[in-house]
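S.K.: Quick one, what's the 3D model for this:
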Amino acid sequence: MGIGRKLGFVGAGNMGAALIKGLLRTGAAVAGDIVASARRPERMDELRAQFGIRTADNVTVAREADVIVLAVKPQAMDKVLREIAPVVDRTKLVLSVAAGVPVAAIERRLHPPARIVRAMPNTPALVRTGATAFVANEGASARDRALARTLFEGVGLAWEAPSEALLDAVTGLSGSGPAYVFVFLEALSDAGVRMGLPRDAASALAVQTVLGAAKLAQETGRHPAALKDQVTSPGGTTSAGLERLEAHGFRAAVHEAVAAATRRSRELGGG
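M.R.: Numbers count the residues shown, from 1 in each chain. Modelled structure (predicted):
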């Protein structure tokens, strides 16, 4: 069942394009329902060719859309909001995916009481396995929140946070998390090479191992500790490897990484 609204993407880089692709693939929207803007004319050409959607300038997109998706870089948000504010009224839902830009900052630039949903997606949305947390302001309705969920479920998992303050922790965990996993993948592959494996085999085995472990956790719903114990025999190879990870502070390093990214998100958002 489709959303049945005119969707306007103000900014359509990687994340905007991922959301458009998800909407079209799931049937939540059709190309004729979507209009998008982009900073570069050649990017507008790419969007039309790839998705069959219409493109226009920021103000036209905001004026025509029932749902305005703000997918611009955080540093460009204030300028864009000033630009589109004259055509945004209470009839429109504003959905922001700009990292670190709080709801209050968007509300200040638009006509109150604006209907706003702020979301924190992550880059695996590009391959429809994203993790997105979102929160709605007081002006947004239950229908607005349901629409946001539909949009983000088109590119993966969607979780409605009970408070905006939690989005900083989401940024530290799932927003920055793919980078932590990529570092682990690189290290796992390099370790395999060090132990004598060919580079291509080590890389393929590392990627498939991480993918398989995540899928096993997702599909079984079992606690990661239980799945870890299932692999770990007393005195065995896995036990030896885990002992070295703990000795070198692997778990503590992950905790510190999430905490540091969360603090930085708060700083960038002025919190």
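S.K.: give the contact list for L23.
M.R.: Shown in contact with L23 (CB atoms under 8 Å, 6 or more residues apart in numbering): I3, L7, A29, I34, L151, G154. Glycine gets a C-beta too; all of them are placed from N, C-alpha and C.
S.K.: just checking, which of those residues belong to helices?
M.R.: L151 (DSSP state H).
S.K.: which pair in the contacts of L23 spans the largest distance?
M.R.: I34 and G154 (12.4 Å; CB to CB).
S.K.: So which of the contacts of L23 is the closest to V127?
M.R.: So of the contacts of L23, ranked by how close each gets to V127 (CB to CB), first place is G154, at 12.5 Å.
S.K.: and stretch 72-84, which residues are buried?
M.R.: For stretch 72-84, the buried set under the neighbour-count rule, 16 or more other CB atoms under 10 Å, comprises V72, M77, V80, L81, E83, I84.
S.K.: if we can go back for a sec, mind checking which of the contacts of L23 are buried?
M.R.: Under a neighbour-count criterion of 16+ other CB under 10 Å, the subset of the contacts of L23 counted as buried comprises I3, L7, A29, I34, L151, G154.
S.K.: Lowest-confidence one in those?
M.R.: Least confident by pLDDT among the buried ones among the contacts of L23: that is I3, with 74.
S.K.: show me the contacts for it.
M.R.: Residues in contact with I3, defined by CB under 8 Å, 6+ apart, are L23, A28, A29, D33, V67, L147, T150, L151.
S.K.: backbone phi and psi for the residue nearest to A31 when sequence neighbours are not counted, please?
M.R.: For A31, the nearest residue in space outside its immediate sequence neighbours is G52; the separation is 4.2 Å by CB to CB, 6 or more residues apart in numbering. Main-chain torsions, G52, degrees, to the nearest 10: phi 70, psi 20.
S.K.: Check the one 5 residues further on too.
M.R.: Main-chain torsions, D57, degrees, to the nearest 10: phi -80, psi 170.
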